[in-house]
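Asker: sharing a model prediction with you, sequence too.
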Amino acid sequence: MALQFTLNGKTVEFSGEARTTLADCLRHHLGQTGTHVGCEHGVCGACTVIVDGEAVRSCLMLAVQAEGSHVTTVEGLSEGEDLSPLQAAFRKHHALQCGFCTPGILTTAHALLTHEPDADEERIRHVLSGNICRCTGYLPIIEAILDARAAYADGRRGKPA
Amino acid sequence: MIAQGHPRSIGKHVPRREDPYLLRGEGRFLDDIAEPKDTLFLSFAMSPHAHARILAIRTDAASALPGVVAVYTAEDMARFVKPIRTVIEIQGYRASSRMVLAQDEVRFVGEHVAVVVAEDPYIAQDAAELIEVDYEPLPAAVRLEEADSESAPLVHEDIPRNVMFEAAFASPDFQAAFESAEMIVSETFRTGRVAGVPLEPRGCLALLDHVADSLLFYTSTQIPHLARTALSEILDFPEPRIRVVTPEVGGGFGTKAQFYTEEVVTAALALNLRRPIKWVQDRREELLTSIHARDHIYRLEAAIDGEGRIKALRTDLTTNAGAYSSYPFGCTLEATGGARMIVGPYDIRNYAFHTRAIATHTCPSGAYRGVAQPSCFMAIEGLMDRIGRKLGIDPATVRQRNLIRSEQLPYTNVLGVRYDTGSYEECLRRALERVDYWNFRKRQAEARDDDEVLRGIGICCFTEVAGAGSGGWRVRGLTKVPGFDSASIKVEPTGKVTLLVSQAAAGQGHLTTFAQVLADYLGVKVEDVFVSEGDTATAPYGTNTFASRGAVAAGGAVIKAAQSLRQKIARIAAFLLDVDVERVELTESKAIDKENPEKSVDFRQVAQIAYSMTSVALPQGESFGLEVVEMYDPPLATWPNAVHAVVVAVDRRTAKVSIEKYVVVHDSGRLINPMIVDGQIHGGIVQGIGEALMEQIVYDEDGQMLNANLLDYLMPMALDVPQIDISHIETPSIDALGGFKGVGEGGVIGAVPAVTNAVADALARTGANINRLPLRPSYLLREMRRRQLAVDGDRK
């Protein structure tokens, strides 16, 4: 199997077994290990990546299904050393502890706020209810996402003001 | 005397150093480490039976699969691996031996019977499925209640009646006090079987350094030093040639404070095959084989006076040990902990317990956040409410009457354990105030029988055993848990500081907090300190990270090391400043002359001399370098305390529980980083809410786990979490250096009893007696209806 897709703005190629999940392709073939695998059955959300604008579970998607798509992972949320406003809000609110679930929560929140920069707390809780965090108790994550909304307003897509 | 710098960093919300790289996706967890090209991967064949005799294992088909390098069974492994035996030097304990692959007999579903080594993880899994095992199924002892009987199937032939551990205690005047009391209040509490479920499953990567003939072992653990010693002993391989490194650890919660059979297999096969070996488990394996906890039955009897004061308390505790004693804590941990901690913050002068750990054909139990305390406080706090109901006294008042009073501190409890400082009454007073307790009671009294929801309020007052030193572990007979921790400080030639601590964090923010502690005690800028831990090649030996010990044990070691090193820095600085050493103060990476603060030298200038990198010679009598290592042995334990108060609404029709108010007043002594402390409390509370309301590992009668996946093992999600009002009282420990008391477990310990009591209080008017976990709607509805049906039946 050989295929091409765009990963964080760059064209990448993969050739391997057809049964390779997108998560394993990203992590073990393309070396992008920021996306984590917590349950391998689509419940915990740690492996969430953004495919053509939608947050998806990369453990439930085969790599071949990404052919021709635009895929964004946590590595694509910021440039260089600087944290994006969403990432900075996570730091400010202590919205991560062990950090294992964090990449999937960041991509989930980024996809949400890109589409709905004015999402309210209830909406954020609903969308987050597909991600398990065992460390923080969620409240700081909700606060961080609420705090980051301004950076997504006016079509700024999470770029610094 | 050299004056100590003013606190500048301790107590501050210092942002975490761990965050930027984790947020950019650059954290290196075990499976993120790029393995060498020639790495082999493992997959285990697991027992589908809870109890069976292994008649034959056929590995031909698996071995024949292209890409498979080898398949091992117990027989093969026995040639180079010793069994794991958890030695606990305490009366009443019967050790079980465990081979890393099951030999002759399997004792729980998920126990490993064979392992495949293959070129690719997908192939390894394919091959594991091709292994054929002939089993002769045997009767299994699955539920604690069934295993604890004369007629139960034996888990180990040499452990009669499945009693792996049994202990008893009675204080001298217990019997007389118990018999002479006015009345007895008793209840049985059944807590649920749960698991820590760190989001990162376990895994390890074993690499050989052929030049040094040594083993580099990456493992997702909380106990790198203890794992290294265990590996050395079990593999009979020299400890100096083993280096254990913990990468980022994706949650631990005690689950990863155990040393596991897979770690032995991975290391053993790397040494045997002379190839790198990687093993990463999937979630099903994680739930089947990582330790479980809290499968307990508490039978309590309190002898009380007419005012609700406990004159004597008796605990009969039974815990489910699972099939083997886990390593290093063993099956005694929960049984001892639950029986000993239950007296908590109460002035109970007469106490007796009988406690046992029972072997069953289930996954071994072990140390999960809080150990037995969420369970034992659910029991004693449930009993407090029942004393109140029996006497018609408000349960908050019952607690006020039983709490240890401030003027009794330091207090030695009935088991001879010293509580140095605490704030039991003050925490309760403030929690009642913040939750608006007495007004809630007034409103509750006005509630009507036809209201759609039933509201209740629950309290939990507790102490938490934390930061235990060597004495604390010796009391429990543990032989592989030292109790001390260590810190190594190096002021480098450039004046920047390397701090190595004997810890291994799994999200607690150690790189930040220990820098804060060192900053204040060495007089160095926090940004000049670089903290490293989790690598046995660099970090000094210690007990590592569990049981709320990081701040107390390693924090104490940092302080001790700083105090020792600052003497030398001050002496060299005094020589440079040409003043008496008494006049030197270290602050902000400088040594200043206190009487003439304009005069100072910085740490770099001092270090240049210490490392002989300047034309100025080291003063006579001084040795080169600016390094020190110190071990710190904390007291028997430190004793954080807190009160949780919770208001719930239970829907009458659906029994759905909504948490409407959650108040915590917490005292863990001196706080290092309040932001991180609150994070620990938040996270623990949400785990506790999960344990109280939804989490449960379910085995069927044959010992099959029915919910070994995250769809069916319910944990709290973002929609389940209430706002949490946390406030702190800081009563520093006087027994532990720095005054820190530890904070890792209090959240979960307080949450389970407080939520349970709130639900029980809400349902009290229906006559339901809530005494078992989890409080799922099916259980609550059944209890509500049972009473209602009884009432209806009487009417007919």
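Answerer: Yep, it's here. Numbers count the residues shown, from 1 in each chain, chains lettered A, B, ... in the order given.

Asker: every contact and neighbour count from this point should use C-alpha atoms.
Answerer: Will do.

Asker: separation between the spatially closest residue to residue B:701 that is not a sequence neighbour and residue B:556?
Answerer: The spatially closest residue to residue B:701, leaving aside those adjacent along the chain, is residue B:142, at 6.5 Å (CA to CA, 6 or more residues apart in numbering or on different chains). According to CA to CA, to the nearest Å, residue B:142 and residue B:556 sit 44 Å apart.

Asker: which elements pack onto the lengthiest helix in chain A?
Answerer: Using DSSP state H to define each element, chain A has its longest helix at helix A:102-115. Judged by 3 or more CA pairs under 8 Å, 6 or more residues apart in numbering or on different chains; DSSP states H and E, the packing partners of helix A:102-115 are strand A:48-51, strand A:54-57, helix A:85-92, helix A:121-128, helix B:19-23.

Asker: ranking those by burial, who's on top?
Answerer: strand A:48-51 (a mean of 26; mean count of other CA atoms under 10 Å in any protein chain shown).

Asker: what lines up beside it in the sheet?
Answerer: Strand A:48-51 pairs in its sheet with strand A:54-57 (antiparallel), strand A:70-72 (antiparallel), by DSSP bridges.

Asker: for the ones you listed, please prepare CSV with the additional fields distance to residue B:655 and mean pLDDT.
Answerer: Listed next are the strands paired with strand A:48-51 as CSV, based on distance: least, CA to CA, whole Å; pLDDT from 0 to 100:
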stretch, distance to residue B:655, mean pLDDT
strand A:54-57, 33, 98
strand A:70-72, 42, 98
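
Asker: dump the ones you listed into TSV; add distance to residue B:240 as well.
Answerer: Below are these laid out as TSV (distance: least, CA to CA, whole Å):
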stretch	distance to residue B:240
strand A:54-57	43
strand A:70-72	44
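
Asker: quick one: stretch B:477-488 to chain centroid distance?
Answerer: Computed by CA atoms, centre = their mean, to the nearest Å, the chain-centroid distance of stretch B:477-488 equals 15 Å.

Asker: and the helix or strand hosting residue B:301, how far from the chain's centre?
Answerer: For residue B:301, the element it lies in under DSSP states H and E is strand B:296-304. With CA atoms, centre = their mean as the basis, strand B:296-304 stands 25 Å off its chain's centre.

Asker: what's the pLDDT at the residue lying closest to residue B:646 once chain neighbours are set aside?
Answerer: Computed as CA to CA, 6+ apart, the closest residue to residue B:646 that is not its neighbour in sequence is residue B:662, at 4.7 Å. Note for residue B:662: predicted pLDDT of 98.

Asker: wait, isn't residue B:460 in contact with residue B:756?
Answerer: No: contact criterion CA atoms under 8 Å: residue B:460 and residue B:756 do not qualify, at 9.5 Å.

Asker: need the contact list for residue B:51.
Answerer: By CA atoms under 8 Å, 6 or more residues apart in numbering or on different chains, residue B:51 lies in contact with B:105, B:106, B:107, B:108, B:109, B:137, B:138, B:139, B:140, B:361.

Asker: ok, now with 7 Å
Answerer: Under the criterion of CA atoms under 7 Å, 6 or more residues apart in numbering or on different chains, the neighbours of residue B:51 are B:106, B:107, B:108, B:137, B:138, B:139, B:140, B:361.

Asker: closest one of those residues to residue B:23?
Answerer: residue B:108 (39.1 Å; CA to CA).

Asker: which ones are touching the closest one?
Answerer: Residue B:108 makes contacts with B:49, B:50, B:51, B:323, B:361, B:362, B:363, as judged by CA under 7 Å, 6+ apart.
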